[in-house]
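> Below are the sequence and a predicted model; questions follow.
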Amino acid sequence: MMSLRNFIRHRLCLGFWRQEEGAVLAEALLAIPFVTLFAAGILEFGNIFWERMQIDAGLRDAGRYMSRCRPASGTYAPTCNQATAATIAFYGTQNPAADAKPRVPGWNNAAEITFAGPDADGNITVSTAHLYQTSPLFGWLGVDAITINSFHEERYVGW
């Protein structure tokens, strides 16, 4: 007669290790969390790059606008200003609708954009430092806040 100890060792343990019917399920349970985390990271970094491209486009538009401004003088008033250039950077137009959404979520504070120039070489520089609004994934992984820094230089042309 087989003892209880031998029964557990031979029938249950060895029988369990010889069975392959649940192997795919066990491997999937181990792999799916890592694959999901990897895919979410790819999407998050893709969103960061998309926001950077949108900010670059906004700064380029604002720089082009400022490069065509008349210099301030006593004979005529300048026809453009930095507030209008900032609105163009944020919304893509100088007259956005009341319910218009900015190019980048959370990037619509005029204090974030800095205008400099024209310098000695005749360049106008438009720059920004935008704090990226992360998803909970980065907070869970312990990634610090990400700041998107960007600038654009445009040759001053005037009118």
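On my side now, so go ahead. Computed from a prediction, not measured in an experiment: that's the story for all the values here.
> buried ones in stretch 105-121?
Of the residues in stretch 105-121, 107, 108, 112, 113, 117, 118 count as buried by neighbour count, 16 or more other CB atoms under 10 Å. C-beta coordinates here come from the backbone N, C-alpha and C atoms, glycine included.
> and the third one, how far is that from residue 128?
Right, the one you point to is residue 112. Between residue 112 and residue 128 the computed distance is 5 Å (CB to CB, to the nearest Å).
> Check residue 26 too.
Distance, residue 26 to residue 128, by CB to CB: 50 Å.
> How about residue 135?
22 Å.
> between the two, who's got more neighbours?
residue 128 (24 against 13; other CB atoms under 10 Å).
> Shouldn't the more buried one be within a strand?
Yes - counting by DSSP: H, G, I helix; E, B strand; the rest coil, residue 128 is part of a strand.
> Just name the shakiest helix or strand of this structure by mean pLDDT.
Ranked by mean pLDDT, DSSP states H and E, the weakest helix or strand in the chain is helix 14-18, scoring a mean of 59.
> just checking, next helix/strand downstream of that one?
helix 23-67 (DSSP states H and E).
> who does that following helix touch, helix- and strand-wise?
When contacts are defined as 3 or more CB pairs under 8 Å, 6 or more residues apart in numbering; DSSP states H and E, helix 23-67 sits against helix 82-91, strand 113-116, strand 123-131, helix 136-141, strand 147-155.
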